[in-house]
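**Q** Sequence below, structure please.
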Amino acid sequence: MDIGKRIKQIREAKDLTAKEVVTAADLQPAMYSRIENGKTEPSLSSLEKIAKALGVKLSDLFDEEDKLADVNSYDASLMEKVKLVEELNEEEKKIVFSLVDALVGKKKLKDALTNVLTDVK
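**A** Just a heads-up that it's a prediction; the model follows:
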């Protein structure tokens, strides 16, 4: 599979429009269209931007296996929530981000303590 087809496959599996990817990746629409249609080979920096905009690892753009079955519902739901957060006022956004940071910090601490306790045994 060529890279353009893979990008389009991932984009469609995540229920994103080309315009959403173009905006998130900060690319010119015509360039993105040529990439998706296989008319041009993207640069590494463009691929990194596209992967980030799609919410996947760069290596996923080269993965031939179709692992996208679980992507649809979970990622679509996550994207909807992110869009809703973007509509909040600045104070509400700060509260959401603080909560997320606290939860992520708690998980990192728990993982670190688990690793320490595992190493001690």
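**Q** For the rest of this, base every contact and every neighbour count on C-alpha atoms.
**A** Will do.
**Q** Least confident secondary structure element in this protein?
**A** Least confident helix or strand, the chain: helix 71-86 with a mean of 66, by mean pLDDT, DSSP states H and E.
**Q** what's the lengthiest helix in the chain packed up against?
**A** With secondary structure taken from DSSP state H, the chain has its longest helix at helix 90-120. Helix 90-120 sits against helix 71-86, with contacts defined as 3 or more C-alpha pairs under 8 Å, 6 or more residues apart in numbering; DSSP states H and E.
**Q** Would you map out the domains in the chain?
**A** Residue ranges for each domain of the chain read 3-69, 74-120, as given by automatic domain parsing.
**Q** Switch these over to CSV; also include mean neighbour count.
**A** Shown next, in CSV, are the domains of the chain (neighbours: other C-alpha atoms under 10 Å):
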stretch, mean neighbour count
domain 3-69, 16
domain 74-120, 12
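**Q** was I right about L54 contacting R11?
**A** Yes: L54 lies in contact with R11 (C-alpha atoms under 8 Å); the separation is 6.5 Å.
**Q** quick one: common contacting residues for those two?
**A** Common neighbours of L54 and R11 (criterion: C-alpha atoms under 8 Å, 6 or more residues apart in numbering): V21.
**Q** mean pLDDT for the domains of the chain: which is lowest?
**A** Mean pLDDT across the domains of the chain is lowest at domain 74-120; the value there is a mean of 82.
**Q** For it, what is the distance to the chain centroid?
**A** Chain-centre distance of domain 74-120: 15 Å, with C-alpha atoms, centre = their mean, to the nearest Å.
**Q** Pick out the residue nearest the middle of the protein.
**A** When C-alpha atoms, centre = their mean is applied to the chain, the residue found nearest the centroid is G55 (0.8 Å).
**Q** so what's that one up against?
**A** Contacts of G55 by C-alpha under 8 Å, 6+ apart: none found.
**Q** gap between it and K106?
**A** Counting by C-alpha to C-alpha, to the nearest Å, the gap from G55 to K106 is 23 Å.
**Q** A25 too?
**A** Relative to K106, and taking C-alpha to C-alpha, A25 is found at 31 Å.
**Q** got the end-to-end distance for stretch 11-19?
**A** End-to-end for stretch 11-19, by C-alpha to C-alpha: 11 Å.
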